[in-house]
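Novice: can you look at this prediction? I've put the sequence above it.
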Amino acid sequence: MVNKMITNTTPETELERLFQAKIDAEQKIEPKDWMPDAYRQNLIRQMSQHAHSEVIGMQPEGNWITRAPSLRRKAVLLSKVQDEAGHGLYLYSATETLGISRAEMITALQTGTAKYASIFNYPTQTWGDMGAIGWLVDGAAICNQVSLQRTSYGPYARSMIRICKEESFHQRQGYQIMIELAHGTPAQKDMAQDSLNRFYWPSLMMFGPHDSESAHSARSMKWKIKRETNDDLRQKFIDQTVSQINYLGLEHPDKALEWNEERGHYDSSDLDWDEFYSVINGNGHCNRQRIQHHVKAHEDGAWVREATAAYNLKKEQRLARDAA
Ligand code: ACO
């Protein structure tokens, strides 16, 4: 255990050395521990963007709740979308332990200073997209989040454990929709192929830019905020998806995909990085619509926040009166 006594007079360089030693020894950093400000800010950035992604991610699927093909499918989709709201809540709460308020995070999202996952700026055009999102988007999210269960910040790591369990269920429900469509009528199979073709590439973009272009990776890896790099995780996802596409009997969207014996991985086409940067900079198909919808929902919900605050105040006053 790295457990040296830290006092008010411990010099900054010694604090940083102890902090890094703790991380290297795989001990978790907890909210009240000393941490460099850059570590705190980097975590606030990544965790709040992660929380925003969960919440904004409710919109593309929410679009299909009223149009799900059966009552069972409606119930499943509804509870999946509710799970995503829960993930947002755990992550906002975990981020608040770093000294930022929920209101500040929401303002950053709504004013465009904080990002959210690029994938949620693509429209959901068919029921097949519900299958592709569960299978590919949640599948890519799990690939990343399994490694984040070992992230160095305790509250983030712990929230990831529960989130991964739920995301695994989401991935299976999406894949099950794909199995039904891919083994259904020719029109259903076409629908599944079309959804795969549209969501495959944006799913690969979820892992972020190439490592060589990633602004935060080097420091995040040193601090074990990130445990695997963008390119390594993307490769893992590409490799695992091949047999899933084969099982569905669908065509792989990447015509250049080829097994590389030497690397022990598939070689694949490069992504359209102009599209990626355009989407993360606010110019995807649905960026404006997603934020406008979020602002409206937030404003419509103001009365709930006010009622909760009034109720809490009343409760505190009653407790204070009883204690007097
Ligand atoms: N969508 C939107 N923005 C992205 C994406 C993406 N797919 N990939 C990278 N970016 C942004 C980064 O947030 C960063 O922007 P910023 O400096 O304004 O914050 C910039 O592009 C540069 O990228 P990196 O330096 O590689 O950023 P980082 O080290 O944070 O890696 C990653 C990006 C892999 C997404 C990381 O933040 C991460 O693992 N986040 C947690 C997981 C997460 O957010 N998942 C959302 C999944 S959706 C879901 O859960 C259903």
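Specialist: Done, it's in.
Novice: the longest helix seen in the chain close to the ligand?
Specialist: As assigned by DSSP state H, the longest helix anywhere in the chain is helix 154-182. No - Helix 154-182 lies out of reach of the ligand by Cβ under 6 Å from any ligand atom, never closer than 7.1 Å. Where C-beta positions appear, they are placed from N, C-alpha and C, glycine not excepted.
Novice: who does that helix touch, helix- and strand-wise?
Specialist: Judged by 3 or more Cβ pairs under 8 Å, 6 or more residues apart in numbering; DSSP states H and E, helix 154-182 is in contact with helix 71-96, helix 128-132, helix 138-148, helix 186-205, helix 230-248.
Novice: let me have the ones you listed in TSV, extended by mean pLDDT and distance to Thr113.
Specialist: TSV is the format used below for the helices and strands packed on helix 154-182 (pLDDT from 0 to 100; distance: least, Cβ to Cβ, whole Å):
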stretch	mean pLDDT	distance to Thr113
helix 71-96	97	15
helix 128-132	98	29
helix 138-148	97	23
helix 186-205	98	21
helix 230-248	98	22
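Novice: so which of these comes closest to the ligand?
Specialist: The ligand lies closest to helix 138-148 among the helices and strands packed on helix 154-182, at 3.8 Å (Cβ to the nearest ligand atom).
Novice: list the buried residues of that closest one.
Specialist: For helix 138-148, burial by neighbour count (16 or more other Cβ atoms under 10 Å) applies to 138-148.
Novice: quick one: average pLDDT of stretch 12-19?
Specialist: The average pLDDT within stretch 12-19 is 92.
Novice: so for it, what gets flagged as buried?
Specialist: 18-19.
Novice: one more: stretch 88-103?
Specialist: 88, 90-92, 94-98, 100.
Novice: kindly report the same for stretch 102-115.
Specialist: 105-106, 108-109, 114-115.
Novice: narrow these to those in helices?
Specialist: Of the buried residues of stretch 102-115, the ones assigned to helices by DSSP H are 105-106, 108-109.
Novice: of those residues, closest to the ligand?
Specialist: Among these, and counting by Cβ to the nearest ligand atom, the member closest to the ligand is Ala108, at 10.3 Å.
Novice: and the closest one, how far is that from Ser101?
Specialist: Computed as Cβ to Cβ, to the nearest Å, the Ala108 to Ser101 distance reads 11 Å.
Novice: then Gly139?
Specialist: In terms of Cβ to Cβ, Gly139 sits 33 Å off from Ser101.
Novice: you'd agree Ala256 is up against Asp270?
Specialist: No - using Cβ atoms under 8 Å, Ala256 is not in contact with Asp270, being 9.2 Å away.
Novice: shaky segments in this protein?
Specialist: 1-8 (pLDDT under 70).
Novice: list the contacts of the residue positioned nearest the centre of it.
Specialist: Against the mean C-alpha coordinate of the chain, by Cα atoms, centre = their mean, the closest residue is His50 at 4.6 Å. By Cβ atoms under 8 Å, 6 or more residues apart in numbering, His50 lies in contact with Leu91.
Novice: is it within a helix or a strand, and which one?
Specialist: helix 37-56 (DSSP states H and E).
Novice: after that helix, next one along is what?
Specialist: helix 58-62.
Novice: where's the nearest residue in space to His87 that is not next to it in sequence relative to Ala132, distance?
Specialist: Using Cβ to Cβ, 6 or more residues apart in numbering and skipping residues adjacent in sequence, the residue nearest His87 is Glu54, 4.1 Å away. According to Cβ to Cβ, Glu54 stands 18 Å off from Ala132.
Novice: cool, and His210?
Specialist: 24 Å.
Novice: quick one: which of those two has more around it?
Specialist: Taking other Cβ atoms under 10 Å, His210 and Ala132 do not tie; Ala132 has more neighbours (28 against 15).
Novice: my read is that that one contacts Pro202, right?
Specialist: No - counting by Cβ under 8 Å, Ala132 stays clear of Pro202, with 9.9 Å between them.
Novice: what sits against the closest residue to Gly128 other than its chain neighbours?
Specialist: Leaving aside its chain neighbours, Gly128 sits nearest to Ser195 (3.5 Å; criterion: Cβ to Cβ, 6+ apart). By Cβ under 8 Å, 6+ apart, Ser195 lies in contact with 126, 128-129, 131-132, 178.
Novice: which of the residues you listed tops the neighbour count?
Specialist: Ala132 (28 neighbours).
Novice: any idea how far that one lies from Trp64?
Specialist: 12 Å.
Novice: shared neighbours of these two, anything?
Specialist: Common neighbours of Ala132 and Trp64 (Cβ under 8 Å, 6+ apart) do not exist.
Novice: might you enumerate the residues of the stretch 101-250 of the chain proximal to the ligand?
Specialist: 115, 117-118, 138, 141, 144, 205-209, 214-217, 220, 226, 230.
Novice: buried subset of those residues?
Specialist: 115, 117-118, 138, 141, 144, 205-209, 214, 217, 220, 226, 230.
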